[in-house]
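Engineer: 3D, please:
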Amino acid sequence: MKLSTCFIVLALILNVQYICAFNIFENFQNIFNRVKPTYKFTYFDIKLRGEFIRFILSFSGVEFEDNRIRAEDWLSLKPNTPFGQLPVLEIKSGSQVTEISQSQAIARYLASQFGLDGRNNLENALIDMYGAQMGDLFNAFASANNNNQTENLFNTTWPQNFKFFEDRLTKNGNGFLVGRRLSWADIYLSQLTDFLPESKPEFLNRYPLIKSLDQRVRSIPRIAKWIRNRPVTAL
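Structural biologist: Here you go, the predicted model:
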């Protein structure tokens with residue numbers, strides 16, 4: 001090999017090594033300079049549509065501001081929310097501030113951040129399906145509660161839905177609704193049991209897999225801590 005060729009090959013090798021070293025340095029620099037986002041969750045001083053989001057945030061272990069709005073303050077704050085409704089999650093990363101509305105959109109975002117989503121698109125679709133069904137169930141609860149018709153709700157609508165979820169847990173066969181790990185749909189289902197009447201233990205005895213899932217979720221140390229320390233509210 002000619003001497004000039006050797007110099008060219010050597011230069012190429014050194015250049016490649018320089019580029020690799022620079023890329024590694026840049027990646028490390030990005031990691032160390034990365035600003036951790038902060039979270040502010042705004043909802044009323046009740047459980048209802050916001051509590052399962054608080055469960056997810058507690059599970060994650062991140063610090064978050066639990067911003068509870070009083071009913072008398074809502075009208076003045078309403079125009080400043082994305083759709084004139086709550087809940088809203090505010091994510092601040094450096095100077096960038098993003099607001100996400102709609103409880104299930106918030107849940108999906110946080111799930112993707114903290115490992116509570118599916119492992120593939122199919123699992124995510126199933127999780128979304130269960131979440132949408134639970135949203136429908138919650139809407140039925142809210143409507144019945146507002147119209148003092150909860151007796152029919154707990155005698156008909158909830159048993160039908162809990163039978164559905166019990167069957168799905170049976171089909172999956174490992175204690176979770178989807179896949180082989182906890183998802184935001186599991187947390188949502190557990191938190192829904194907060195709205196059962198005082199006969200909750202007797203009701204859940206008819207659905208042993210849901211009862212087991214509920215106990216598993218509530219025994220997760222960070223969620224258990226949240227439940228112990230959260231404000232006491234009627235709903």
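Engineer: Any regions of this structure where pLDDT drops low?
Structural biologist: For the chain, the stretches flagged by pLDDT under 70 are 1-34.
Engineer: if you go through it in chain order, where are the strands?
Structural biologist: Per DSSP state E, the chain carries strands over the ranges 38-44, 64-69, 88-93, 96-101.
Engineer: Next up, the contacts around residue 225.
Structural biologist: Counting by CB atoms under 8 Å, 6 or more residues apart in numbering, residue 225 touches residue 58. (Each C-beta comes from the backbone N, C-alpha and C, glycine too.)
Engineer: Turn the strands of the chain into a markdown table, columns for distance to residue 52 and mean neighbour count.
Structural biologist: A markdown table is the format used below for the strands of the chain (distance: least, CB to CB, whole Å; neighbours: other CB atoms under 10 Å):
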| stretch | distance to residue 52 | mean neighbour count |
| --- | --- | --- |
| strand 38-44 | 11 | 18 |
| strand 64-69 | 14 | 16 |
| strand 88-93 | 13 | 18 |
| strand 96-101 | 15 | 13 |
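Engineer: And those strands: which comes nearest residue 122?
Structural biologist: strand 96-101 (24.2 Å; CB to CB).
Engineer: now that closest one against strand 88-93, angle please.
Structural biologist: Here the directions of strand 96-101 and strand 88-93 differ by 160 degrees (axes from the mean of the first three to the mean of the last three CA atoms, to 10 degrees).
Engineer: Distance from strand 96-101 to the middle of the chain?
Structural biologist: Centre-to-centre, strand 96-101 and its host chain are 16 Å apart (CA atoms, centre = their mean, to the nearest Å).
Engineer: other SSEs contacting that strand?
Structural biologist: If contacts are counted by 3 or more CB pairs under 8 Å, 6 or more residues apart in numbering; DSSP states H and E, strand 96-101 sits against strand 88-93.
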